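Undergrad: quick one, fold the following:
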Amino acid sequence: MFEPKHGIWAFFQEEFPNGQGAKRRKHVLRVFLALSVFLFLALVQWMIVLLALRDWSLSWFKENIVAVVLVYVFGVFLLLLFALSQHLRQLCFFNWLLVGIIVECCILSLSTLVANSGTIKFLFGLLLVSLICIIAAIVAAFLPWDMTENVLYLYVLSTVAYMTSLYSIVIYSVLEATWAFYIFAGLIAVVVLLFLMYHVQCIMGGGAAKTELADDKYAALLLFHEFMALLVLTLYWRPIMQRLQSKQ
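TA: You can find the predicted model right below:
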């Protein structure tokens with residue numbers, strides 16, 4: 001299935017054709033630096049919502065839930081536009097402006113879920129997702145197999161996990177079987193982590209597929225949204241506990 005190819009990652013190689021090793025290392029550092037900035041902005045804004053504006057945020061989000069959903073849809077639309085247009089990604093200053101809008105749309109649209117979560121539970125979920133993402137990124141970086149060369153297998157695994165997760169969430173919704181939600185969350189997390197590891201290897205370079213050196217902002221956006229996809233799964237712990245308490 002996966003053939004071992006030791007030393008394929010340009011990030012770890014001192015000598016690489018056309019001096020790409022040094023350029024690739026700078027590219028990787030720019031990607032993870034941008035990702036860190038995005039996550040820091042999200043954490044600051046969410047802590048303000050939880051600690052200073054929680055009551056106001058809860059009432060405002062409930063009264064304007066349609067607007068919040070539209071903000072999310074608008075952010076996804078801009079992300080697709082940014083992903084499909086290479087010319088747009090290379091526009092100086094405007095590309096950073098567009099990236100900032102996309103990040104803020106994601107942060108604001110998730111604020112309504114964060115506001116419904118307790119501070120301790122939110123921080124615990126954030127820490128858990130951070131550890132999982134760091135471990136997955138390290139595994140992908142040192143993995144001796146090129147995942148980018150075996151996209152078909154990843155697609156099949158992701159499709160099977162996705163279909164099973166849909167079955168589980170329907171069981172949870174119809175039969176109110178709490179255990180089915182955790183199966184759904186686990187399978188979705190597997191799909192997201194597969195994509196995250198694939199993208200990390202693309203960013204590292206040296207495999208069958210790799211990101212362009214000028215696409216550091218785009219790569220950071222992909223990792224940021226994959227992090228958010230995992231974080232969303234942890235924000236539903238509190239409603240599940242409330243449902244169990246109401247039944248008791």
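Undergrad: how about residue 74: what's its closest non-neighbour residue?
TA: residue 105 (5.8 Å; C-beta to C-beta, 6 or more residues apart in numbering). Backbone N, C-alpha and C define where each C-beta goes, glycine included.
Undergrad: whoops, I mixed them up, residue 217
TA: Closest residue in space to residue 217, ignoring its immediate chain neighbours: residue 99 at 5.1 Å, by C-beta to C-beta, 6+ apart.
Undergrad: also residue 75?
TA: residue 105 (2.7 Å).
Undergrad: helix, strand or coil: sort out the one you found for me.
TA: helix (DSSP: H, G, I helix; E, B strand; the rest coil).
Undergrad: ok, it touching residue 72?
TA: Yes: between residue 105 and residue 72 there is a contact at 6.6 Å, judged by C-beta atoms under 8 Å.
Undergrad: more crowded one of these two?
TA: More neighbours surround residue 105 than the other of residue 105 and residue 72, with 20 against 16 (other C-beta atoms under 10 Å).
Undergrad: from residue 174, how far off is the more buried one?
TA: In this view, residue 105 and residue 174 are 32 Å apart by C-beta to C-beta, to the nearest Å.
Undergrad: same thing with residue 81?
TA: Taken as C-beta to C-beta, the span from residue 81 to residue 174 is 37 Å.
Undergrad: now residue 230
TA: Between residue 230 and residue 174 the computed distance is 25 Å (C-beta to C-beta).
Undergrad: higher neighbour count, these two?
TA: residue 230 (21 against 9).
Undergrad: list the contacts for that one?
TA: Contact analysis of residue 230 by C-beta atoms under 8 Å, 6 or more residues apart in numbering lists 129, 132, 133, 189, 192, 193.
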